[in-house]
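> Fold the following.
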Amino acid sequence: MKIASILPALGLVAAICLTACKKKDIFEDNRSQGHMSMKLDGQTISVSKQLTGSYYDTLNDPLSHLIVSGLTADNQLMTINVAFPLKELKPGTYRLNDFGYNTIGWMRRLSDESGYYADEKKYGADAIIVLESISETKAKGTFSGILVHDVDADLTKTVTEGQFEVSVIKYTK
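Predicted coordinates for the structure are as follows:
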């Protein structure tokens, strides 16, 4: 009889312990701290979820890359990509070049099949990314440019007042 009266109490203690434990969230655990925002054709949009700052340094690539991206509350995607020649992390101005490095991108919805990118100068795209500070653990800077629709090159968006400051997660191979 004593076991029967103890079981409900043990069940209650187990329930309290399980609900008090924080569940592991793979998106939260791999999320950078900081902020990212920009004005797109004059309208301010800000990352509010899944902000990531990633630094990729692989053996097979003579460049290393910083990628900062995230989603707004209504799932608009913002991203910037900076390439570092000879893997030299240093502050400075990085512009879109003929090889498609140093880019900016935006998608109205993550599930859309097309977006706007500053990744090909021949279509009138432009990107200027100014890194105020950069290390393997933190990045801070501003960005602006002209984004071109990836299907209809006559459609463009203007990015102004872009800014970010993020903690960085380093990936190597």
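
> and Y101, how far is that from S111?
Y101 sits 27 Å away from S111, going by CB to CB, to the nearest Å. Heads up, the C-betas are built off the backbone N, CA and C, glycines and all.

> L63 against V82, yeah?
No - using CB atoms under 8 Å, L63 makes no contact with V82, being 9.8 Å away.

> any common contacting residues for these two?
Listed contacts common to L63 and V82 are Y101; contacts here mean CB atoms under 8 Å, 6 or more residues apart in numbering.

> can you give me the strands in the protein?
In the chain, strands defined by DSSP state E lie at 34-40, 43-46, 49-57, 63-71, 77-85, 92-95, 103-107, 116-118, 126-134, 138-149, 156-167, 169-172, listed in chain order.

> Same drill for Y101 and S111, tell me which one is more crowded.
Y101 (18 against 8; other CB atoms under 10 Å).

> just to revisit the earlier point, Throw the strands of the chain into TSV and include mean neighbour count, thanks.
Compiled in TSV, those are given as follows (neighbours: other CB atoms under 10 Å):
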stretch	mean neighbour count
strand 34-40	19
strand 43-46	12
strand 49-57	19
strand 63-71	21
strand 77-85	21
strand 92-95	16
strand 103-107	22
strand 116-118	25
strand 126-134	19
strand 138-149	21
strand 156-167	18
strand 169-172	13
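
> Among those, which one carries the weakest average confidence?
Least confidently modelled of the strands of the chain is strand 169-172, at a mean of 89 by mean pLDDT.

> Packing partners of that one?
Here strand 169-172 touches strand 49-57, going by 3 or more CB pairs under 8 Å, 6 or more residues apart in numbering; DSSP states H and E.
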